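> Provided below are the primary sequence and the corresponding predicted coordinates.
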Amino acid sequence: MNYITTADTVTATMLTGFFVDWPNPPQPKTHVTLLQNSDYVVLAVNEEQQVVGFITAISDGVLSAYIPLLEVLPNYQHQGIGQQLVTRMFKQLEHLYMIDICCDAELRPYYEKLGMTSTVGMVKRNYRHQSGHLKHH
């Protein structure tokens, strides 16, 4: 497995099978844009040059970062790829004070094993935009 920290060379054809169980998932072209627009990214790329896992972070570059997405394709789960993605992302963000992730309750033990602390948070979701909304400049 190759781990890269840029999405500059990623194409839509390299991004298939993600966003499992999302009722309205982003299309691969939108997925490329969200990867390229993230402040930090780590991608797991297999020998066939397909992305099999990814993690993104949005940051102010001074104090904080938020990790909105971590996903590994179903056929590649339980092989340590997710842990590698998180560990490599934490390394990129180690200069920051706070690194936050919002996750489902059943994922808390996973992130606790990686050194995170459980806390209380709030979210607002606009599900009508779940497939992505490309901002026009």
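Perfect, I can see it now.

> for the lengthiest helix in the chain, which positions count as buried?
When secondary structure is assigned using DSSP state H, the longest helix within the chain turns out to be helix 81-92. For helix 81-92, the buried set under the neighbour-count rule, 16 or more other Cβ atoms under 10 Å, comprises I81, G82, Q84, L85, V86, R88, M89, F90, Q92. Glycine gets a C-beta too; all of them are placed from N, C-alpha and C.

> doesn't G53 make contact with the second one?
Yes. Using Cβ atoms under 8 Å, G82 makes contact with G53 at a distance of 6.5 Å.

> which residues does the residue nearest to R88 when sequence neighbours are not counted contact?
In this structure, R88 finds its nearest non-sequential neighbour in V42, 4.6 Å apart by Cβ to Cβ, 6 or more residues apart in numbering. In this structure, V42 makes contact with Y3, I4, T5, F54, I55, L85, R88, M89, Q92, judged by Cβ atoms under 8 Å, 6 or more residues apart in numbering.

> out of those, who's nearest P26?
F54 (12.1 Å; Cβ to Cβ).

> ok, what's across the strand from that closest one?
Partner residues in beta bridges with F54, using DSSP bridges, are L43, E71.

> next one: I58
When bridges are assigned using DSSP bridges, the partners listed for I58 are Y66.

> thinking again about what came up before, which of the contacts of V42 sits closest to T16?
Closest to T16, out of all of these and judged by Cβ to Cβ, is F54, at 12.5 Å.

> can you pull out the strands in the protein?
Counting by DSSP state E, the chain has these strands, from start to end: 2-4, 40-45, 51-59, 64-72, 98-101.
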